[in-house]
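1. here are the coordinates; sequence isn't available:
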């Protein structure tokens, strides 16, 4: 336990390093006590823990999983050495619970787009919640729902975060390994574009004119969308210093896309993370929140879209505008 | 877990937070003088407003968004949505695309069924808290389950980029279809998984299930030539026969008294059961021959129909089916000529049902003149099953009231886990009412 990584960011003072609660593992050393909790989410990120398959049973040799209701009926209150938190804070009860849980957790790790950025449900943050809720529920007083769905870090200090919708199993294993061996996890902060370059994936945006958020999105997924022949939709969230506004201008100018359409590209699973958030707002907010019935010129995303983009012929390429502030390698 | 007793004849069983289910729910059973006053499966997942989120979005965006309703069965959400849109727009996909979508669903069924049998349900039958605890005593069994789960995930990863929230399903086909060589790595593990699945059938057929016979009304898709995933008519044990788009002609959602919950009922207010037991009952003839033979060997088709605890066997039979069919699809695969055919949107109602691992999943979208969603209704299997679950709780309760409290509540939980409830999905039935009231 003494070897376990101690968080340096937002260091959470006042917690003892030693663990009096761990049971002896096979080797005789106490194992860190691990718990998994969820707020508003789809359960996909905690399922990624079970998806470790080959490593799952080995994992239980290094960690004592004391509370993981989706997987075990054995329950335990804190304190926990490591607490994985899935989901966004979306109800008054969530607000109460996250504060209590933080006190019980030596290391708090947020897992997934909901916990790190608010998730898809954070799209409601652009709407007028009271009107929205009243329109939605005949008896809105029964609905325990906050005006905004928010990331965990907006409420309590977070020690480590794993991005993604869902998280990457490789990054999860890297974090767990780092926690066991007492080093800092090596989680890359670079654009999806770098991953495409490393894997030799032809750029879907320059070659086919497909809108792609790869250059402003943090990697970790292995560039699966470009590999699958479509543009990145940003589910690992913005990387540091991402020039989302620049990309938005480029996408409007290069592909004959309206501001509204470009706004929708950012209005996905990590919409509420800056700078995606302000880019969406600058482009007029989310369509669902406005419901203006405005003048989108592309009917419902026909395939292939009118104008020739995404057909494999990048018909607009000659004379395309410069990608402002964005180098070809995505930086 | 508590069982409060007042006097000697009144008991309230409460399971505050159900475990080994997908999502957060609780159970209340109130018994007085052997009579059940209340049996309620409550869901306390936070509302996420999915039917609102998809409003004004395009069909392809909807496919990405609705997957996030459930991390356990994202493919089911993508499949119901994509078939609804293609039905309205008159899109005819390449036959190989149709086969690939079946393979994708095979992957999700294999993953979900292996997870449920070995990690969630088997520990109940064998008296453990979790699969990890079970693995201390029988590691090979748990490893067998994990091996099958892994090959299910591998299928999803090859076809869709990742096992959870795959990215390749688009209206008209796939953003990219695999080459033959891409599927090659599936062959050997699938062959091994088939043996594991047969072993699983043997294992679960030998379990001891509590006695609990009843005859629920069962509903599933039925297709004359194939076990149902994406196509077939909605049929029931009492004669319903409808296109997959026409769910709302026989069923409707009703608000449950004293709660925000919406449950589905038949038009005359009756509850019904979805899922593996219903599919085996209505579609046994269409099982892959290997799975059909195994089912016959167990001689337990009738037990599956009448005792929900045997859904664990139904799941094992379907697991075998999905693996055997996946092998056939991989063997016969030729890349489609067009992995994605051209389409243009139309206004109107796009509706479809497909078979999620835990039962029929109905989607209905109103599409406006610009090809965007103006209203949505999503009826997940768990909110359809909830009425049947509560019926069974009421019927089952008298059998457990004389048991010690811990054992009684365990039996109740085991009963609920037999339906493989997916509470993350079901929560958003809160939203369904939203758009129509």
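-> Nice, I can see it. Small disclaimer: the values here were computed from a predicted structure and weren't measured.
2. rest of the way, CA atoms for contacts and neighbours
-> Will do.
3. what pLDDT, on average, does stretch B:117-124 get?
-> In this model, stretch B:117-124 carries a mean pLDDT of 92.
4. Span of it from start to end?
-> Start-to-end span of stretch B:117-124 (CA to CA, to the nearest Å) is 10 Å.
5. go on, stretch A:40-58?
-> 29 Å.
6. quick one: contacts of it?
-> A:36, A:86-90, A:111-112, A:114, A:119, A:165-169, A:172, B:22-23, B:45-48, B:68-72, B:132, B:135, B:146-147, B:149-150, B:164, B:424-425 (CA atoms under 8 Å, 6 or more residues apart in numbering or on different chains).
7. Burial check on the residue in the stretch 1-150 of chain A that chain B sits nearest to, number of neighbours?
-> The minimum distance from the stretch 1-150 of chain A to chain B, using CA to the nearest CA, falls at residue A:44 (3.7 Å). The number of residues packed near residue A:44 is 29, by other CA atoms under 10 Å in any protein chain shown.
8. Which of the helices and strands in chain B ranks last by mean pLDDT?
-> The weakest-scoring helix or strand in chain B, judged by mean pLDDT, DSSP states H and E, is helix B:429-436 (a mean of 25).
9. ditto for chain A
-> helix A:129-136 (a mean of 58).
10. How about the residues of the stretch 251-400 of chain B by chain A?
-> Proximity of the stretch 251-400 of chain B to chain A (CA under 8 Å from any CA of the partner chain) is limited to residues B:260, B:341-345, B:369-372.
11. Go again with 10 Å.
-> Counting by CA under 10 Å from any CA of the partner chain, the stretch 251-400 of chain B comes close to chain A at B:259-260, B:340-347, B:367-374.
12. now these: which count as buried?
-> Using 16 or more other CA atoms under 10 Å in any protein chain shown as the burial test, those include B:260, B:340-341, B:343-347, B:367-368, B:370-374 as buried.
13. Quick check: the farthest pair among the residues you listed?
-> B:260 and B:341 (42.1 Å; CA to CA).
14. was I right about residue B:253 contacting residue B:268?
-> No: using CA atoms under 10 Å, residue B:253 makes no contact with residue B:268, being 11.4 Å away.
15. Those two: which is more packed in?
-> Of the pair residue B:253 and residue B:268, residue B:253 is the one with more neighbours under other CA under 10 Å, namely 20 against 9.
16. Look up the residues forming beta bridges with that one.
-> residue B:264 (DSSP bridges).
17. And it, how close does it get to residue A:303?
-> Applying CA to CA to residue B:253 and residue A:303 gives a distance of 34 Å.
18. Okay, now the unreliable bits of the stretch 151-300 of chain B?
-> B:256-261 (pLDDT under 70).
19. just the helices in the stretch 51-200 of chain A please.
-> Taking DSSP state H, counting those that start in this stretch as the criterion, the stretch 51-200 of chain A carries its helices at A:56-62, A:92-104, A:112-117, A:129-136, A:169-181, A:192-199.
20. is the second one up against chain B anywhere?
-> Spelled out, that is helix A:92-104. Yes: counting by CA under 10 Å from any CA, chain B has neighbours in helix A:92-104: A:93-94.
21. who touches that helix?
-> Residues outside helix A:92-104 that contact it (CA atoms under 10 Å, 6 or more residues apart in numbering or on different chains) are A:12, A:14-15, A:37-40, A:77-83, A:85, A:87-89, A:91, A:108, A:144-146, A:152, A:155-158, B:46.
22. Could you list the buried residues of that helix?
-> Buried, per 16+ other CA under 10 Å, within helix A:92-104: A:94-95, A:98, A:101-104.
23. Over to the fifth one?
-> For helix A:169-181, the buried set under the neighbour-count rule, 16+ other CA under 10 Å, comprises A:169, A:171-173, A:175-180.
24. what bridges to whichever residue of the stretch 101-250 of chain B sits closest to chain A?
-> Closest residue of the stretch 101-250 of chain B to chain A, CA to the nearest CA: residue B:130 (4.5 Å). Beta-bridge partners for residue B:130, by DSSP bridges, are residue A:72.
25. Tell me which residues touch it, please.
-> A:68-74, B:19-20, B:118-124.
26. Can you report how many residues neighbour residue 245?
-> Reading this off chain A. Counted by other CA under 10 Å, the residues lying close to residue A:245 total 19.
27. not quite, I wanted chain B
-> 23.
28. contacting residues for it?
-> Neighbours of residue B:245 in contact, by CA under 10 Å, 6+ apart: B:80, B:83-84, B:87-88, B:233-234, B:349-354, B:362-364.
29. mind redoing it with 6 Å?
-> Residue B:245 is in contact with B:351-352, counting by CA atoms under 6 Å, 6 or more residues apart in numbering or on different chains.
30. pretty sure it is in a strand, no?
-> No: under DSSP: H, G, I helix; E, B strand; the rest coil, residue B:245 falls outside any strand and is assigned coil.
31. which non-adjacent residue is nearest residue 117?
-> Unless you meant another one, I'm taking chain A. residue A:151 (4.7 Å; CA to CA, 6 or more residues apart in numbering or on different chains).
32. look at chain B instead
-> Residue B:117's closest residue in space is residue B:312 (CA to CA, 6+ apart), at 6.3 Å.
33. ok, now residue B:30?
-> That would be residue B:12: by CA to CA, 6+ apart, it lies 4.4 Å from residue B:30.
34. go on, residue B:144?
-> residue B:196 is the one closest to residue B:144 (CA to CA, 6+ apart), at 6.3 Å.
35. Also residue B:416?
-> Closest to residue B:416 by CA to CA, 6+ apart is residue B:389, at 6.9 Å.
36. helix or strand for that neighbour, which one?
-> helix B:381-400 (DSSP states H and E).
37. re the thing from before, weakest of the helices of the stretch 51-200 of chain A by average pLDDT?
-> For the helices of the stretch 51-200 of chain A, the weakest mean pLDDT is recorded on helix A:129-136, namely a mean of 58.
38. which residues does residue B:172 contact?
-> Per CA under 6 Å, 6+ apart, neighbours of residue B:172: B:93, B:340-341.
39. Go again with 10 Å.
-> Here residue B:172 is in contact with A:302-303, B:60, B:82-83, B:85-86, B:89-94, B:97, B:338-344 (CA under 10 Å, 6+ apart).
40. among these, which are in helices?
-> Residues of the contacts of residue B:172 located in helices (DSSP state H): B:60, B:82-83, B:85-86, B:89, B:97.
41. Excluding chain neighbours, what is closest to residue A:42?
-> Here the residue nearest residue A:42, using CA to CA, 6+ apart, is residue B:70, at 4.6 Å.
42. Isn't the one you found up against residue B:164?
-> Yes: using CA under 10 Å, residue B:70 is in contact with residue B:164, at 9.2 Å.
43. Output the ones in helices among the contacts of residue B:172 in JSON lines, with neighbour count, pLDDT and distance to chain A appended to each entry.
-> Output for the ones in helices among the contacts of residue B:172, formatted as JSON lines (neighbours: other CA atoms under 10 Å in any protein chain shown; pLDDT from 0 to 100; distance: CA to the nearest CA, whole Å):
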{"residue": "B:60", "neighbour count": "21", "pLDDT": "97", "distance to chain A": "7"}
{"residue": "B:82", "neighbour count": "25", "pLDDT": "98", "distance to chain A": "13"}
{"residue": "B:83", "neighbour count": "24", "pLDDT": "98", "distance to chain A": "15"}
{"residue": "B:85", "neighbour count": "29", "pLDDT": "98", "distance to chain A": "11"}
{"residue": "B:86", "neighbour count": "23", "pLDDT": "98", "distance to chain A": "12"}
{"residue": "B:89", "neighbour count": "20", "pLDDT": "98", "distance to chain A": "10"}
{"residue": "B:97", "neighbour count": "24", "pLDDT": "98", "distance to chain A": "15"}
